[in-house]
Each structure stands twice: as structure tokens, then as C-alpha cells.
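Novice: this is a predicted model, with the sequence first.
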2 protein chains.
Amino acid sequence: MDSSNRTVSFAAPRGFGTTLKSDLKETFFPDDPFKQFENQKPLGKVKKGLQYLVPICEWLPKYNLKTFQYDVLAGITITSLAIPQGISYAKLGQLPPIVGLYSSFVPPIIYAIFGDSKYLAVGTVAACSLLIAEIIGEVASPKTEPALYLHLVFTATFVTGIMQTLLGVLRLGILVDFLSHSTITGFMGGTAVIICLQQLKGMLGLKNFTTKTDVVNVLRSVFEHRKEWRWESAVVGIIFLIFLQFTRWLRDRKPKLFWVSAMSPLVVVVSGCLFAYFAHAQDHGIPIVGDLKRGINPPSIQFLNFDRKYFPQIVKAGAITGLIALAEGIAIGRSFGIMRNENVDGNKEMIAYGLMNIVGSFTSCYLTTGPFSKTAVNYNAGAKTPMSNAVMAVFMALVLLFLAPLFSYTPLVALSAIIMSAMLGLIKYEEAIELFKVDKFDFVVCMAAFLGVAFISMDMGLGLSVVLGLVRALLYVARPGTCKLGRLPDSVLYRDIEQYPDAARNSGIIVLQIGSPIYFANGNYVRERVLRWVRDEQSHLETTGDELQHVVLELSGVVTIDMTGLETLKEINKTLRANDVKLGIINPRLKVMEKMITSHFIDKLGKENVYLSIEEAIENCKFLTSKPKKTTSESGDSSKGAEDASDDASQQV
Amino acid sequence: MDSSNRTVSFAAPRGFGTTLKSDLKETFFPDDPFKQFENQKPLGKVKKGLQYLVPICEWLPKYNLKTFQYDVLAGITITSLAIPQGISYAKLGQLPPIVGLYSSFVPPIIYAIFGDSKYLAVGTVAACSLLIAEIIGEVASPKTEPALYLHLVFTATFVTGIMQTLLGVLRLGILVDFLSHSTITGFMGGTAVIICLQQLKGMLGLKNFTTKTDVVNVLRSVFEHRKEWRWESAVVGIIFLIFLQFTRWLRDRKPKLFWVSAMSPLVVVVSGCLFAYFAHAQDHGIPIVGDLKRGINPPSIQFLNFDRKYFPQIVKAGAITGLIALAEGIAIGRSFGIMRNENVDGNKEMIAYGLMNIVGSFTSCYLTTGPFSKTAVNYNAGAKTPMSNAVMAVFMALVLLFLAPLFSYTPLVALSAIIMSAMLGLIKYEEAIELFKVDKFDFVVCMAAFLGVAFISMDMGLGLSVVLGLVRALLYVARPGTCKLGRLPDSVLYRDIEQYPDAARNSGIIVLQIGSPIYFANGNYVRERVLRWVRDEQSHLETTGDELQHVVLELSGVVTIDMTGLETLKEINKTLRANDVKLGIINPRLKVMEKMITSHFIDKLGKENVYLSIEEAIENCKFLTSKPKKTTSESGDSSKGAEDASDDASQQV
């Protein structure tokens, strides 16, 4: 082994343009979407570009009848889910039930054109529906000003659409990354709990109810209105719930029977309608949905309301629900993509979501995304392309045109049972337990979202959890892991002595490994920590009469460095020199080396003290130690250190 | 060289208590202050503890007459600076000038007892004085309600003291680290510019002036009041300014003459007083300070005002000025400590600053810290211990008791000249140029503070700069540097092929190095990036007919990992397997390995795919590649891979 005839690359730093371009590319285009345009003729470029921007151009030309059969079957299955879910979630968002059905007609068509995921099924989601009601409800009451409330919801959907499209176009998917999986898990769990509790209103047939969503207020409201409880409603509700949970249990035991569980909400709605119609249920304390007009989506673009009085709240609702919808939808699209080993482009998805919400807000729809339950059903039903969404849209149009009034008999208790059953599946306690086992801080982030949503409010819970996640991210950078390396017995490998306790110390030399960038947030820490290693080593060596002569920093893990970081290294160098200890560095990476050269740190340190590998550093240090101390000039000859090491290496090997 | 008889350590994860303790220690006690208490008897522990908490207990017992002589000389020198600076900065803070003198009496005594830096000289600072005036001025006018304004300033000082002490006790010095050096440089420069412009009021003898601080408003105000301009005032002011700048130039050329520059402000004040007294200057358009009462600090604890109406603004003023004062003072204490190779404990300093401000707020003082100019003079004058601060306090008491009324003749124009001269030294354009050269983003952070302070307001400028710094910190973690490693010719070292372009590819194997932790903020990025490397390599290999069979991730730089990070690795593993590519990992660090074991990732990956070094991984992969593909069981025998590699290694060597 002869590594020492190689020297460290002291190549002149690249130009600003080059580094800026490479940084921007890593930040915004990590997936390198332009690659496919290389070596294409102009016409080919246009074609590729169109296929990139409008995915349907890519898959439709290859589409055939056989795939269509699969997609039709999947489309019918998800339509059966879309009807009850649409009505239920619209009720949850304090909206007219028909808006829920409208939202399963236009947006799926837009997604079928622009969507990148093959399995995603478009629809409304419970958490965002409730969140919209909570935030918009603060400025307009859905009970006393239903028209204003509805128009503000359309406007919030429009804002969501614009924001999602912009995020996609500006390639800011990075913002969605800051909603971590733990946050989403906790948020969904907390939302599921409060939504379940809210359903007590429908289950018990209550007329008056709190508009607050937290556990304490909802439970208090339920018990304050004890006198309104109707046993008839509760009995029907519990029967429906048991039926739904049974089909879910069946699906878990026999995955092939997924369609039983997928159809069950429609079965509940239809049997509820029949029961309500023939038994005159509303006369016996079982209220029904009522009033569903025939006809497809009327235009709503004229209702968009940008009044200054409401706008801040609309933006808040649009932004928060938009981000949650993106995080949920993209995560779901990706996870089903990974199952089939297909890639889903987050930025394209964002644009597709944004377009479908913009168009949706013009056509009486509210916020849609890719809900987990519907997507799972779509996947299991054999969907092959986004065509299944288009099929759903067609069937939904037929329902709207001919069947809508039939659903006006749906008992509210049936909707409550459907929502409760869906929400019970979203409380993923096993995941929380897993988080607790593997990563306590992730567990805290998750529980902050869960408890915050359950006991304070949905946006506070989410905010708390995100802030905790950011604090953690900042702590990671503020406290980079440093460790001391020792040589593993019978090898030339140097590893963390805490991890490999039998690793040997090198007398008179300590090798410290620094992870993460060195910069303003951790400069002081790095200096303190390195000097503490040095003090510890010195006090340890005192007992043996030895002396510490070399400190070598292994910088392979230091991805980048800023001005403060460079100052830190200069200070460390100064302090060590004052103590007659020499500083060396090993394998600085490209960006780091460039800045070290520009800022003249390399000149101060001396090129002979920059090594390519730990072995080289150790051998060179041992060589220097064994001889009387040399006085090396500040701007030493670059090849000198390397030559010394080479001599030494040849003696050793 | 035989590294392959070593296997990776799969030791059982440490307990939660152990890791929590070690994490907390790294976060809050990186300097390990408890070390000195080890192996001490109870009495020794008390003594050491007292010395740790009250540094005077450490140095006073060893104090001798010779050191005292040095400290007295330094104390006299800084007193001569404290008088003009105290009066000037109090004027800048819209406070009675005598408060500036009070602030150089009590706080230095407290610092002499608790301070940890040997060279720091305590005093008021220009930037914070102006910032206090700006923030408190919003709720109480210093002109129409001077008493209320004064009391609110004392209360803000009290809040600052409490906050600083708490930060020190809770060891949250980490907060100060987020005010980066670039931010401070820009902030100081911007402040210097606006303070200089403000002095045009004093220089031109204006009576009416804007209360705003930004460049545009101040310049407009100066020209709007053209008719008030007094040439007598301007002439005197320019003479003083030239004198002060000349002594500064002299000091820069002959550092031994530092005392000329140190004394010059006092010379300006005294000659200004004499001139004003004998020439009846105020009758000729040169206003004087007026009314300085004899006597030391009166108590002010009874004036602290916690009225709800003002409290939010007081907390804002106290917190922002407190943080800036800490950042400036600690940085200055540290940099002079480093010159003499002495360590300054940031947390102790914070407690000392906090105590001096709390006691100061009780005794008619306002915010004090360690100003750069005064500390530099103190250091050059030969100060050896914080005793020089006590000496200054004694002389200041004498001034307050006997000489204060004499200074009431100080012309305002003399103060303006002193402030301007001091501020001109704070505009460090060379540093900004250096930042531009070395790190463009640092330059942007610096200019954001500079331009924000100059053209918007001081707190907005500071806030903008800090937020930019944080965004950068988050981008660092969201986009960890990944690179592809190649083998350097004639060596066994694997290095970044972008940095060392002659590094060789390994046919059928790619080695990727990941820096920084893998977690929620970068999980998606890491997956995209790794899969992009794989795609690129595959399309490159297609041309040669070769096949990519192994992807190995070098994880030495990955300090920690969270649940999302683990999921990312699992997904990468899944995707690669589906493409018939095997994933391996190299040298996971202690924390990472623990979480990989707990989350069963290691079981999924197979222990035989975890390597200790790149060489081992490459050799093992080559060995596997050269044979027909083996079907390895998921929970494969851990030693097998290592044995294979060992065989292969012995064939090669």
C-alpha cells in the first residue's frame, strides 16, 4: 500500500458562476429533469417538454383497451367510495353536501391530465375539511351567513391552488419536506380523534353543538346537551359502525376482499336511504341530509371574494390546508409508486394539485388532494393509469345528473358512522410506538402534533410540531457529532473509539473527526469541543510523561464551511501553536478546500499539514515526532510534507 | 494490509438514559465544566465551585502589587475614555448625560467580581443606545415625557439583565451563536452609518430633527432644516473630528502611541469645555450639554415600571439589545483572550453581564457591555485582570463626586465629533470585501443587515439578516453534499471524482458518500439524488454493455439519522433490489448504527452488506460480481460477507 505519492488537490477554486450553478441545481433540480432534453432535435425537445409538463401526453398514446378495462373497474370502485365520502366530508367542512359530490367531478379530470402518479385517486379529505371549517369559521359563520362562508371556502381553495402551482413551478418542494413524517402521523392521529368525537353529534342526533374542535370542549358540549340524545339515532349509528369495522377487519384478514370494504360505505348510505325513506326516519329523531339538487357543477368563479376583511384568514386557510394536502398527497403517491418501483415527481404533482384546485374553485369544488383510503382502494382495484380518475369523473357526472336527489334521504348518522370508521384507521398507535422505540425526539415531535391538535387547535398543534422539528434541525447543525478516532487492532482503519472501544490511541497524536458543515451556528462549539479533546488528552498524557504534539482533524464529513467556520479553524490553529501542538487537516472536500485557499487558511496552516488520508497524516506526524522538531516556514513547499511521508511510509512497509 | 478480519460492530444499542445524558452534555456542556470537580474532597468541591461561579475568588488570592500597578494605569486610561463616551452615548440614547457616567461606575464593579475575561472594559455602546431610543421611543417620547422614558429604559435594562443571566444559567449560549459574525459586521456597519448621519444634527447645531433613524429620513430632515445650520458649530466640529482622526491615524501607524488616541476624546471634551466657558459658546450657536449634578448613582429600583401598556415594547428592547450586547461583548472578550491564548467561558460571561445589568438597573445605569474600543484600549494599556474595571469605577466615582459639574460646559458638537470618529472605525469595508471573496452567501447576510439597518430600521435589518442565516442553516441540512467516490490512481484511497478528476470508476459498483445527517428535511432529496446517480451510471454503463450491480453508501459523515431517514434508506434498498442492484453501507457511526439495529433496517439489508471500509466493500462486491449471483437470505449470516471479502483480499494482496 502506497498512498503517499498522491498529494492533496490544491486546484484553484472554481469560478463563482460554476459553483452558483451547481448549488442552484442541487437545491432546486436534484432529480435533473433537463437530462432527457440532451441530444434531442428541436422538435423532439418540444415533444419531450410537452410530455414532461403534461404527463397524459406520455401515457395516452400507448394506452390500450386492456389497460382501459382495469381502469374502468377501478374507477367504478372509487366512485362508490367517492359518493359517501364526498357527502360526509362536506358536512365536516360545514358545506352543502352537494359540494362534496361536485369535488369528485372536475378535479379528477384535471388530475388525469396533469397528474404524475398512476395510482392516486383524487378526493376531499377529512382533516383539511375540518381545518377549513375551523379557520374560515372564525370570520364567517356557516350557519348565519352560509353564502359568504361558501364563497370564502371557494376563495381559499383558489389560494391553495395558486400556492401549490407556484411551489411546483418554483420547485419549492423543499418546503413540504419540512412537514416530517412524524408531524403528519401525529397530526393525522390528533385530527382523527377530534373528528371521531365530533361525530358524536351525528351519532346522538344532537341539534346544538360547539364550534370548537378540541377534546375538552367537544366532550363538555356532548354532556351539556344530554337531554337531546336520541337512542334511535345511536342504535342505527352503532349498527352501521359495527358493519363498517367488520368489513375493514375482513379486508385486513383477506386482502382479496378489499372491495367488500371499499363498497361498504355505499352500502351503508344506500341502506340508510332506504331505511329513512320507508321508516320516515326523520320523524323519529334521525335527521337526514336533505336537498340535493340534480345537475353538474355550476360555475363559481364569480363568487371568489377577495375582500380585505377576510383575505388574511383566507390566505391562512389556503396555505395551511394546501401544505397539508400536498404533504399527504405526495407522500401517498410516492409510497404507492415505490411499491411498484415507479418514480413520482413531487414538483409535477404539486402543479397538478394546484391546477385541479384552481379549476375546482371556479366550478363549485373545494380543496381536493389524494386521500389515503381512496388511493389504496384504487391501487387494489387494479388502476393502471390516472384514467381511473377520469372514469370516476364520468360516473360522478352521471350520479349528479340523475341520482343525486336519491341521496337526500341519507341519514346523518350513516355519514357519522362512515367518517368515524375511516378516522379510526388513521390513529396509527403502532407507528407512535415504533417512533418511541427508534427515535425519542421524533416521538416528541409526533406527540406534540397529536396532543396539540387534540387539546388546543389544529393549526397550533401543527405549528408546534413543525417548530420542534426545525429546532431539532438547527440543533443538528449547531452540535455536529465530533469523535476521536483510534486505530483498530490488526488493521490500518481508524474508527470512533466510543464505537470500537478496542481501537488504539496513537501516542502524541490525536485524530478528531468532525461531521456536518463548520459555520456560524457551531463555530464556537467546534472550537470548545476540539480544545476539550486536547485538554483531556494532555491531562491523560501527563501521567505517562508523554507530550501531545499533533492534532489532526478529519474533515471528510465537512460538506461546506463559511467565514465563521474558517475563523474557527484559524483560532484553533493559533491556540494549538501557542501550546506547541501542530494542527493538521485530512481530506477537505471540494467546496471546503476552495474556501480555505481563497481565505488563505491553507497558507497559514502550511500545505504540508494537509493530508489526503488518516494513514498519511499519522505516518507523517510519527516521522516528525521521532526527529527533533523542525521549524517549517509558514508558506512551506507543498511537496515537502508529502515527500517526508513517502520516505516514512517506505520505511514502514 | 489486512483490514477484512475486522467486522463492523453490531453492539446492542445503548440505553435511552445513556444517549440522552450524552446528547444533553454535548448540547449544553460542550466545555465539560464538571471535569475539575472530579477527584476532589467535599471542601475542595465547594472551593472549586465558588471559583467557577465567582471568578474573582480565583484570581484575587494570587493578586500582587505589580499586577495592580498595571491595572491602575489601564484603569486611568479607560476612565479618560469612559467620560466622553458615557456622555456621548447617553445623548445618543436620548438619556440625561449623567446616566452615561453613572453607567461607568456600578456595572464595572460587578464585572470585576463575576467577569471571566481579563481584558474586557465595561461601558455603554453606541448601537444599543440608539436601538433603545428607537424602540422605547415608540411608546414614550424622551422629549415630552422624559421621566417615563428614563424609567422605561431602566426597566428594559433590568429585563436585559434577567434575560442574560437566565441564558447563562440555562447554558443557552447557543442562541448567541445564531447571530453570526457576518450579521454583526453588517449590523455594526449599518449602525455606524446611521449614527454618523445623526451626528449631523450636533455638527450643524440643529434644533429640530427627525426621530427616525434611516438614511433617507435623516438626510431629508437635515436638508429640510437648512435654515438652522450654524457655521460656527460646523467649524468647531470639523476641527475636533480632524484632530480625533489624526490621533487614530497615528495609532495605526505607531501602535505604541495608542494612549494618544485613547486620551484624545477627553482632550476634545476638556478643550471644548474651556472654549465654551471662555467664549460663551452657547450664545454663538454652539449648544452645550448643561446641568450635570454632583454625586454618585442614586437608586432607581423604585422606578422600574412593569405597566402592561409598555411591557411588550420593553421586553422587545431588552431582548434585542441584550442579545446584541452579548454577541458583541463575548466575541470581543474571546478574541482578546485568543490573542493571549486564554479561554473565555461564554456562559460565565453571560451571567456576569446579566448581573451587572440587573444591579445597574437598580442604580440609575442603562445597558452596558464590553465595547470594542474601550476593551482594545484596556488591553493595550496593559490590563492584567478585571481589576482595571474596578479602578475605573473608583476614578469615575471621584469624577461624579467632584468634577461632574465641570463637564456641563461640553459643547454638543464635541460629542458629535467623538461619536462620528468612533463610528467611522466600525465600518469594516475590508471585511465585507473579504466576505465577498470567500463566501457570497455570507456577504449577502452581511449586506442584508447593513442595508436593512441603513434604509429600513435597526431591528428589521437585524431580523432580516438572522432569518437569512437560518435559511442557510436549514438549506445546509436540507441539501447535504453527496458525492461519488473513485479510486485514486496507484493508491487504495477513494475520493470525490469531482475534486480528483483522475480517480477511477469501478466497473459495476458505485460508491456514494453522504455528508450530514439523513432525516426528514432531506430524506426525499437523498433518495432522489442517490437514484439519480444510479440512473446516470446505468445509462453510462449501457454504452459499454456492463451492468450496475452494487451501490455502496459511505456513511462516515452521517452523524445521526431519524425515522424518516431510516425510511429513506429502506426505500432506496427496495427500489434498488427491484432493479437487481444490491445496496451496501460503509461505516455507519455509533448513533446511526444503533437506530438501524432498533428499526430492523440492518435485518432487511443483511449484515453481510455492512462494511467497515470502502476497500472491504469494493473487494467484497468485486468478488460477488465475478461469481454467479448468490441468493442471500434476508437475515444472512453476519460473518459470511466478511469472510468472502477476506478470501478475496488474500487473493488480491
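Specialist: Here it is on my side, so go on.
Novice: where's A:Phe623 relative to A:Asn506, distance?
Specialist: To A:Asn506, A:Phe623 is 13 Å away according to Cβ to Cβ, to the nearest Å. (C-beta placed from N, C-alpha, C; glycine too.)
Novice: same deal with A:Leu304?
Specialist: Using Cβ to Cβ, A:Leu304 is found at 71 Å from A:Asn506.
Novice: A:Val466 now?
Specialist: According to Cβ to Cβ, A:Val466 and A:Asn506 sit 45 Å apart.
Novice: what does A:Asp177 give?
Specialist: Computed as Cβ to Cβ, the A:Asp177 to A:Asn506 distance reads 41 Å.
Novice: mind jotting down where the strands sit in the stretch 501-650 of chain A?
Specialist: Under the criterion DSSP state E, counting those that start in this stretch, strands of the stretch 501-650 of chain A are mapped to A:509-514, A:550-554, A:582-586, A:610-611.
Novice: and these, which is most packed in?
Specialist: Mean neighbours per residue, mean count of other Cβ atoms under 10 Å in any protein chain shown, is largest over the strands of the stretch 501-650 of chain A for strand A:610-611, with a mean of 26.
Novice: what lines up beside that one in the sheet?
Specialist: Sheet pairing of strand A:610-611 (DSSP bridges) gives strand A:582-586 (parallel).
Novice: so which residues make contact with the partner strand?
Specialist: Residues from elsewhere that reach strand A:582-586, judged by Cβ atoms under 8 Å, 6 or more residues apart in numbering or on different chains: A:511, A:549-556, A:569, A:572-573, A:576-577, A:605, A:609-614, A:616-617, A:620-621, A:624.
Novice: same question for stretch A:50-67.
Specialist: For stretch A:50-67, contacts defined as Cβ under 8 Å, 6+ apart pick out A:33, A:36, A:112-116, A:348, A:384-387.
Novice: including secondary structure, neighbour count and pLDDT, could the residues you listed go into CSV?
Specialist: Listed next are the contacts of stretch A:50-67 as CSV, based on DSSP: H, G, I helix; E, B strand; the rest coil; neighbours: other Cβ atoms under 10 Å in any protein chain shown; pLDDT from 0 to 100:
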residue, secondary structure, neighbour count, pLDDT
A:Pro33, helix, 13, 72
A:Gln36, helix, 14, 71
A:Ala112, helix, 24, 94
A:Ile113, helix, 17, 94
A:Phe114, helix, 20, 92
A:Gly115, coil, 27, 90
A:Asp116, coil, 24, 86
A:Lys348, helix, 20, 87
A:Lys384, coil, 18, 89
A:Thr385, coil, 22, 91
A:Pro386, coil, 28, 92
A:Met387, helix, 22, 93
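Novice: contacting residues around stretch A:250-257?
Specialist: So stretch A:250-257 is contacted by A:258, A:260-261, A:380 (Cβ under 8 Å, 6+ apart).
Novice: mind listing what's buried along that stretch?
Specialist: A:Arg251 (16 or more other Cβ atoms under 10 Å in any protein chain shown).
Novice: residue contacts, A:His225?
Specialist: By Cβ under 8 Å, 6+ apart, A:His225 lies in contact with A:206-209.
Novice: next one: phi and psi at it?
Specialist: Main-chain torsions, A:His225, degrees, to the nearest 10: phi -100, psi 30.
Novice: what is the burial count for A:Lys66?
Specialist: Residues lying near A:Lys66 (other Cβ atoms under 10 Å in any protein chain shown) number 9.
Novice: re the thing from before, so which of the contacts of stretch A:250-257 is the most crowded?
Specialist: Neighbour counts for the contacts of stretch A:250-257 peak at A:Ser261, which has 24 neighbours (criterion: other Cβ under 10 Å).
Novice: number of nearby residues for the residue of the stretch 101-250 of chain A at minimum distance from chain B?
Specialist: Residue nearest to chain B within the stretch 101-250 of chain A: A:Ser180 (3.3 Å; Cβ to the nearest Cβ). The tally of other residues near A:Ser180 (other Cβ under 10 Å) stands at 28.
Novice: confidence score at it?
Specialist: Model confidence at A:Ser180, given as pLDDT, is 82.
Novice: test my guess that it contacts A:Leu468.
Specialist: No. Counting by Cβ atoms under 8 Å, A:Ser180 stays clear of A:Leu468, with 9.6 Å between them.
Novice: between those two, what contacts are shared?
Specialist: Joint contacts of A:Ser180 and A:Leu468 (Cβ under 8 Å, 6+ apart) are A:Val445.
Novice: would you mind listing what in the stretch 351-500 of chain A touches chain B?
Specialist: Contact residues, the stretch 351-500 of chain A versus chain B (Cβ under 8 Å from any Cβ of the partner chain): A:434-435, A:437-442, A:469-470, A:473-481, A:483, A:488-493, A:495-496, A:498-500.
Novice: just the buried members of those residues?
Specialist: Buried members of these, counted by 16+ other Cβ under 10 Å: A:434-435, A:438-439, A:441-442, A:469-470, A:473-481, A:483, A:488, A:491-493, A:495-496, A:499-500.
Novice: which of the residues you listed fall in helices?
Specialist: Members of these lying in helices (criterion: DSSP state H): A:434-435, A:438, A:441-442, A:469-470, A:473-478.
Novice: I'd like those as CSV, with distance to B:Ala325 and pLDDT appended.
Specialist: As requested, those are exported to CSV (distance: Cβ to Cβ, whole Å; pLDDT from 0 to 100):
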residue, distance to B:Ala325, pLDDT
A:Glu434, 46, 88
A:Leu435, 41, 88
A:Val438, 42, 84
A:Phe441, 32, 86
A:Asp442, 37, 88
A:Gly469, 31, 87
A:Leu470, 26, 85
A:Ala473, 28, 81
A:Leu474, 23, 80
A:Leu475, 25, 79
A:Tyr476, 28, 76
A:Val477, 25, 75
A:Ala478, 21, 78
